[in-house]
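Novice: attaching a predicted model along with its sequence, questions to come.
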Amino acid sequence: MPTPHNEAKKGDFAKTVLMPGDPLRAKYIADHFLENVKQVNGVRNMLAFTGTYKGKPVSVMGGGMGMPSIGIYSHELYTKYDVEQIIRIGSAGAYAPECELFDIVIAQGACTNSNWAHQYDLPGTWSAIGDYGLLRKAVEACEEKKYRFHVGNILSSDTFYEPTNDGWKKWAKMGCLAVEMESYALYANAAYLGKKALCILTVSDSFITHQETTAEERQNSFTKMMEVALSLI
């Protein structure tokens, strides 16, 4: 059944959805990795495609920027389209010196400065974690392919532009490897709805070295995390 944000019909999505933030990255994956591809959504240009990868059905859809955006799309995929697992593939800024440009970061957990979990009326602070089965397979895929990767905690931030320049150091001191803007909400939706989720990131810039990738590289060149994500279907 279509939603205000998704024109796909029931059955148009596979049980596994890869979700980059950028809809053009979703198109890149569909064009370069999938066979028998069909576009199933174009509302608001948030492109979604379904096809097969090595004979297995899989979908890929943009999730947008920030927790409200991925929160809407992931909730609808889980509840309206019977999706069982969403694998976020995105970019992240490195907080840890060992995380170099183009390294993969697998988010075992996500901290946040967001009030996202307030909606659940919990008597405390909820810790967002990825699905262990997916995480284990992702680690095995990285090891098999000999990709540089790191597993640990990240920060899902509500803000991209900070009023101060050193607030990130407090998160880094607590062990956060990198920062992005979506995973906490995705993990929360999955937990609340009894579904699975994992976040696989590519380091696009570093808060330590101040190196950064280009927009074109972020759209077209983060293929290693795409291959790892596709190995999980």
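Specialist: Perfect, thanks for sending it.
Novice: which residues touch T16?
Specialist: Residues near T16 by Cβ atoms under 8 Å, 6 or more residues apart in numbering: 57-59, 83-87, 232-233. Yep, even glycine has a C-beta here, placed from its N, CA and C like the rest.
Novice: go with 10 Å
Specialist: Counting by Cβ atoms under 10 Å, 6 or more residues apart in numbering, T16 touches 53, 56-60, 83-87, 134, 196, 229-230, 232-233.
Novice: show the low-confidence segments of the protein, by residue range.
Specialist: Across the chain, residues meeting the criterion (pLDDT under 70) sit at 1, 219-221.
Novice: what about the helices in it?
Specialist: Taking DSSP state H as the test, the helices found in the chain are 23-33, 67-80, 132-145, 168-173, 183-193, 215-220, 223-230.
Novice: flag every buried residue along the fifth one.
Specialist: Neighbour-count burial for helix 183-193, counted by 16 or more other Cβ atoms under 10 Å, picks out 183-191.
Novice: list the beta-bridge partners for S206.
Specialist: Taking DSSP bridges as the rule, S206 bridges to A94.
Novice: what's the burial count for it?
Specialist: Neighbouring residues of S206 were enumerated by other Cβ atoms under 10 Å; the total is 19.
Novice: test my guess that it contacts A94.
Specialist: Yes - contact criterion Cβ atoms under 10 Å: S206 and A94 qualify, at 4.3 Å.
Novice: related to what we said a few turns ago, buried ones only from the contacts of T16, please, as a PyMOL command.
Specialist: Entered in PyMOL, the line below selects the buried ones among the contacts of T16, by 16+ other Cβ under 10 Å:
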select buried, resi 53+58+59+60+83+85+86+87+134+196+229+230+232+233
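Novice: give me the most central residue, the protein.
Specialist: Nearest to the mean C-alpha position of the chain, counting by Cα atoms, centre = their mean, stands R88 at 2.1 Å.
Novice: for the residue lying closest to V105 once chain neighbours are set aside, list each beta-bridge partner.
Specialist: Spatial nearest neighbour of V105, chain neighbours left out: L201 (4.4 Å); criterion: Cβ to Cβ, 6 or more residues apart in numbering. Judged by DSSP bridges, the bridge partners of L201 are G90, V105.
Novice: now do L201 against F49, distance only.
Specialist: 21 Å (Cβ to Cβ, to the nearest Å).
Novice: so those two - more neighbours on which side?
Specialist: Counted by other Cβ under 10 Å, L201 and F49 do not tie: L201 has more neighbours, with 29 against 23.
Novice: so the more buried one touches R218, yeah?
Specialist: No - using Cβ under 10 Å, L201 makes no contact with R218, being 11.2 Å away.
Novice: can you tell me the number of residues neighbouring the nearest residue to P4 once chain neighbours are set aside?
Specialist: Take P4 and drop its neighbours on the chain: the residue closest to it by Cβ to Cβ, 6+ apart is V43, 7.9 Å away. Using other Cβ under 10 Å, V43 is surrounded by 14 other residues.
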